[in-house]
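> fold the following and give me the result.
(chains A, B, C and D)
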Protein chains: 2
Amino acid sequence: MLSAMPLKDKSTRVDKAYARLKADILAGRLPPGFQAPEPDIADRLGMSRTPVREALIRLEAERLVDLIPRRGAKVLAISQQDIREVFEILAALEAIAAGEVAKGERSDRALGIIEEAVIAAENALAGGDMENWAVLDDRFHRLIVRSGGNVRLDEMISSLLNQVFRADIVLLRLNKGPAANSDDHRELYEAIRAGNQDKAAAIAREHRLAGLATMQHVLETCGLTHV
Amino acid sequence: MLSAMPLKDKSTRVDKAYARLKADILAGRLPPGFQAPEPDIADRLGMSRTPVREALIRLEAERLVDLIPRRGAKVLAISQQDIREVFEILAALEAIAAGEVAKGERSDRALGIIEEAVIAAENALAGGDMENWAVLDDRFHRLIVRSGGNVRLDEMISSLLNQVFRADIVLLRLNKGPAANSDDHRELYEAIRAGNQDKAAAIAREHRLAGLATMQHVLETCGLTHV
DNA sequence: GGCGGTAATTTATTGTTAAAAATAACGAGC
DNA sequence: GCTCGTTATTTTTAACAATAAATTACCGCC
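So this is what the prediction gives:
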């Protein structure tokens, strides 16, 4: 069967609403503070209210929206306090994840994929392509977590990264550079390859904490209290 | 207005369904593996499907049930792998929480409440009242986290504790004693009172990891692969 | 004539809609 | 400034549509 075949859309309306709303929020098309009653959102998505509501419940559990009775669904803004909370937790969780990967099997195949991600990010950075670098940086972090094999950890970290996603974007535009030392990625990769669990965990933790410091500094100097 | 007044039930059907199902799952009245279609559950709860459905979506996000299309909602069992994952994450998160409390303000009032919890648990243990000790132990752990003031951390830890709640109960019955050194609680309290962030974090981490070891050992010797 | 596999039918369950009921915010009138 | 009615919104129900599983009927084959 040819790949050009119009693959039948198996996903349900709930899934579509969820995916679309999430993408719109992360991309900033639904900006923080945006607020609308359920029927409006349902109309925009061309479906009835129930699937929209179910999608919103899931997004609320992920702290992307707030469902305020009789006020409508509201896209949450990220405060400095939120950033502190998320980054502190991320530092700990990513440290575990990195340690688990270093401790684990580390097939040549898996290591190769990680190294590719490191190199790709380095090249983008060297070439000054910051937009692309940001994407590759994000991919590297998520790749490490996925390689750990702890699905809960993966989900939790992914959710936290989404919560501060907009802040990352803003930081990139303001800072014009990596939030933390970009050499950390290579060092982390080397520690993983060497099977050095403690070192990998430490690098991951410090990398994230450095990112927090940069983020706080930049937002502070720009007077941004929320994103 | 007198307090004896029959306080009007403000909660919605979704909240009732959520609370009832969650309580039933944690208490084991809905045992792991239990499975039922939505209409059955709705009938049992005396309401229509929609609020039940929304409650189930929230419970699924908390990893307490699995919603399998055309198979019904299923109460999840906890495997050894699940226990490893949860305890590893808990060790890291509780370490942060303990550290935050030690670093924070630590009013005499707050410290007093924590000490009370420690003493109450010690007394229950000394008196051999294990059921009560388990409750007080759980309260102590959640109290520490709440005192930290990081609401995300609180929520995440609470969710993880719920996921392994049944395993804790089983362990208590099999082990007839604390999963980890019960002196840890007092030591943790002392470290917090002294404002020693690193020590508090270390004790919390080791306490949880010791609990994991005990849990694994007991479940192993009993041949239990899931709870 | 029985057996195994396949196609059609039935059934059970979820996904979705629309409308009714409940409820809280809003505003007019006293 | 308070009360009551109005309105907008959510909550809940009930019915409908879609869909996958289960069952049955059918047919060729041994």
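> hey, let's count contacts and neighbours off CA atoms from now on
Noted.
> ok, which residues in chain A are in contact with chain B?
Counting by Cα under 8 Å from any Cα of the partner chain, chain A comes close to chain B at A:54, A:57-58, A:61, A:85-86, A:89, A:92-93, A:96, A:150, A:152-153.
> change it to 10 Å
Neighbours of chain B within chain A, by Cα under 10 Å from any Cα of the partner chain: A:50, A:53-55, A:57-58, A:60-63, A:81-82, A:84-86, A:88-93, A:95-97, A:149-153, A:156, A:160.
> which of those residues fall in strands?
Secondary structure from DSSP state E places none of those in strands.
> any of these buried? List them.
For those, a burial check counting by 16 or more other Cα atoms under 10 Å in any protein chain shown picks out A:50, A:53-55, A:57-58, A:60, A:62-63, A:82, A:84-86, A:88-93, A:95-97, A:150, A:153, A:156, A:160.
> quick one on the thing from earlier: now, which of the residues of chain A next to chain B lie close to DNA strand D?
A:T50 (Cα under 7 Å from any atom of the strand).
> and the gap between the spatially most central residue of chain A and A:E155?
The centroid of chain A falls nearest to A:L161 when counting by Cα atoms, centre = their mean (3.1 Å). Relative to A:E155, A:L161 is positioned 10 Å away (Cα to Cα, to the nearest Å).
> do the same with A:V118
Applying Cα to Cα, the value for A:V118 to A:E155 is 22 Å.
> which one's more surrounded, these two?
A:V118 (24 against 13; other Cα atoms under 10 Å in any protein chain shown).
> any idea whether the more buried one is helix, strand or coil?
Following DSSP: H, G, I helix; E, B strand; the rest coil, A:V118 is assigned to helix.
> ok, now which ones touch it?
A:112, A:136-137, A:139-141, A:182-189 (Cα atoms under 10 Å, 6 or more residues apart in numbering or on different chains).
> in chain A, which spans are helices?
Along chain A, the segments classed as helices by DSSP state H run A:13-27, A:38-45, A:49-61, A:80-103, A:108-126, A:130-148, A:151-163, A:165-175, A:183-193, A:197-222.
> pLDDT weak spots in chain A?
A:1-10 (pLDDT under 70).
> show me which residues of chain A sit near DNA strand D.
A:10, A:36-39, A:50, A:69-73.
> buried subset of the residues you listed?
Among these, those buried by neighbour count (16+ other Cα under 10 Å) are A:38-39, A:50, A:72-73.
> turn these into JSON lines, columns for distance to B:K176.
Below are these laid out as JSON lines (distance: Cα to Cα, whole Å):
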{"residue": "A:E38", "distance to B:K176": "52"}
{"residue": "A:P39", "distance to B:K176": "55"}
{"residue": "A:T50", "distance to B:K176": "48"}
{"residue": "A:G72", "distance to B:K176": "50"}
{"residue": "A:A73", "distance to B:K176": "48"}
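> ok, so of these, who is nearest B:E220?
Checking these against B:E220 by Cα to Cα gives A:T50 as the nearest, at 45.4 Å.
> quick check: chain neighbours aside, which residue is closest to A:G148?
In space, and not counting its chain neighbours, A:G148 is closest to A:V101: 4.7 Å by Cα to Cα, 6 or more residues apart in numbering or on different chains.
> over to A:V65?
That would be A:V75: by Cα to Cα, 6+ apart, it lies 4.5 Å from A:V65.
> what about A:G177, how many residues nearby?
What A:G177 shows, counting by other Cα under 10 Å, is a neighbour count of 18.
> which residues does the residue lying closest to it once chain neighbours are set aside contact?
The shortest distance from A:G177 to any non-neighbouring residue, by Cα to Cα, 6+ apart, is to A:M130 (7.0 Å). Counting by Cα under 10 Å, 6+ apart, A:M130 makes contact with A:121, A:124, A:136-137, A:172-173, A:176-178.
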